[in-house]
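K.L.:
Take this sequence and fold it.
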Amino acid sequence: MKRDTLKSRFLWITGCVAILIYPSLIGLGFGDIFQLGVDEGYELIKGWMVSEGFLLYEQVWNDQPPLHTLLLGALFKGFGPSTVVARVYAALFGGVLMVALIALPTKRGNLFAGMLVLFFWVMSPDAMFLSASVMLEIPAMACGLAAAWLVFVWGGQRHWGWLAAAGVVMGLALLVKLTSALMLPAIGVEIIALAWRGSWRQGLGVVLRRSAIFAGGMIVVLGLAVAVIPGMTATLLLSPHFSEATREETTGHSLQWAYLLDYPGMIYPALIGLAAGVVFRAWPAIRFPAVLLATVAVVHTFHHPWWGYYIVHFGIPCAWLAGQGASVLWHELVEGNLKTGCFCRLKKVGYAFLISLMLSLGGVYGMSELSATMNVAFLRNKHTETNPEIASLLQYRDQTRWFYASNPIYAFYARLHVPPELVLLPRKRFWSGQIDWDEFVTILGTYQPEQLLLNAGQIEQPRWRAFVEGKYDIVFNNGRLIHYVARDLLHADTQPKTGAP
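P.N.:
Residues are numbered from 1 along each chain as shown. Okay, the predicted model is just below:
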């Protein structure tokens, strides 16, 4: 009992450190970095536009669930729109995920296993980078793991309330991003394994009742969201990702399995851990991450597009399998019932070698990956106060009502409103047929934005080129981005004034 109490206290302390201190450090260290992740601009501009009173879905086009954006918008409204606020908010989810990756393996093994899983997660590709980014991957997966933890708690206490709560949290995870559904097969297997009792008929009945409780919690949350958020439809959320047109257009963006071999520090320790769990019959300890890894592999094999940051979907189960497997091997090395003799000693040497190999692979490649991502964050991303593009935009801010940029993060930093229908213009919106260039130019013609900031070479489409060249002049061109200002504004009598962000 004393040992369990100490373990529980240590988990609470670790959780407080991860959830409170970690986000604070992220806010201080990453607050002024221009952009962390290719899609961060989408989330920042959506949150700011919502905080400015624009309605999600009804006005602001959005192909993602609403929860993350609504919470971020509320924070911007309360504390002001800044990347410090946004990244502290994002890092809170990163802290939750870290705590979950300690607590879940500890539930099935021991605290040592949980700490090993945390080590392999921190060393996973893009793990810390995306934990500081305002993108949706980490929040969605963190909420999914929180739901899994509640299922694990139900497995020990058997009160239906834990299952209902797990369903509610899973529903919230789906309202962050639909990729959290990757957790559902593993959670389903856990419910079956924990609920099954007696004969087939009896066991099936228990499983169905327990599954209905979990599903009921999800349905209540999702139903309430549909009822209170006008404009959010299944077509809007699913079509850009799953339509046949999107699938045809993204055949060149599918997962290549050889790509995973570029991450030996993630893949090989996980395979060794999986093998150790199977050989030593530690199935309850590896069941959840094994099913999750299989789900991720199948989904990303058949569904595309594949984007590089989806690697964290593999990183979570791989870290869990590696940490749990290393813990199993350590137990066999230290406490295993091995008789004396040459063969038994060789087995001990083999276990020690495998543990060392796993830690070395995870540590060496992980540190290399961590160093590379930090260099990207701190060296290649310009800090906001020294960004020349933003400085150019601010010269005309006071005379600007509407603005459009290829990368919407510039609208966030310059505090310039984007036509709400064009806040998000990812490629999959064109691929799925939800917009085309004619409609895009028509919308711009309706709003007549005073400023444009476009990628060089972006206006190759004829009507788009005619619109830009007919109404705008270039005031800034660095070879990568071109800043256009409406000719009427440039020729006005008033001189441009410097705006304040």
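K.L.:
Every contact and neighbour count from this point should use C-alpha atoms.
P.N.:
Noted.
K.L.:
center of the chain, which residue is that?
P.N.:
In the chain, the centroid-proximal residue (C-alpha atoms, centre = their mean) is Glu137; its distance is 0.9 Å.
K.L.:
gap between it and Ala181?
P.N.:
Using C-alpha to C-alpha, to the nearest Å, we find Glu137 at a distance of 12 Å from Ala181.
K.L.:
Can you tell me how far Leu422 is from Gln458?
P.N.:
16 Å.
K.L.:
Look at the two and report which has more neighbours.
P.N.:
More crowded of Leu422 and Gln458, by other C-alpha atoms under 10 Å: Leu422, with 19 against 12.
K.L.:
just checking, the more buried one touches Tyr57?
P.N.:
No. The criterion here is C-alpha atoms under 8 Å, and Leu422 misses it with Tyr57 at 11.7 Å.
K.L.:
name the element Pro284 belongs to?
P.N.:
helix 283-302 (DSSP states H and E).
K.L.:
Which parts of that helix count as buried, going by neighbours?
P.N.:
285-293, 295-296, 300 (16 or more other C-alpha atoms under 10 Å).
K.L.:
now the helix or strand following that helix: mean pLDDT?
P.N.:
As assigned by DSSP H and E, the chain's next helix or strand after helix 283-302 is helix 311-335. Averaging pLDDT along helix 311-335 gives 93.
K.L.:
Name the residues of helix 311-335 that are buried.
P.N.:
311-330, 332-333.
K.L.:
Show me what it is packed up against.
P.N.:
Contacts defined by 3 or more C-alpha pairs under 8 Å, 6 or more residues apart in numbering; DSSP states H and E place helix 311-335 against helix 83-108, helix 111-122, helix 264-279, helix 283-302, helix 342-375.
K.L.:
average model confidence for the shortest one?
P.N.:
Think helix 111-122. In the prediction, helix 111-122 has an average pLDDT of 92.
K.L.:
which residues are in contact with it?
P.N.:
Helix 111-122 is contacted by residues 7, 98, 101-106, 127-128, 266, 315-316, 319-324, 326-327, 362-363, 366 when judged by C-alpha atoms under 8 Å, 6 or more residues apart in numbering.
K.L.:
what about dumping the CA coordinates of that helix to CSV?
P.N.:
This file holds the C-alpha atoms of helix 111-122, laid out as CSV (Å, rounded to 0.1, in the frame of the first residue of the first chain):
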residue,chain,number,x,y,z
LEU,A,111,5.8,3.5,-13.1
PHE,A,112,9.1,2.6,-14.6
ALA,A,113,7.3,1.6,-17.8
GLY,A,114,5.5,4.9,-17.8
MET,A,115,8.7,6.9,-17.5
LEU,A,116,10.3,4.8,-20.3
VAL,A,117,7.3,5.6,-22.6
LEU,A,118,7.6,9.3,-21.8
PHE,A,119,11.3,9.1,-22.8
PHE,A,120,10.5,7.5,-26.1
TRP,A,121,7.7,10.0,-26.8
VAL,A,122,9.9,13.0,-26.1
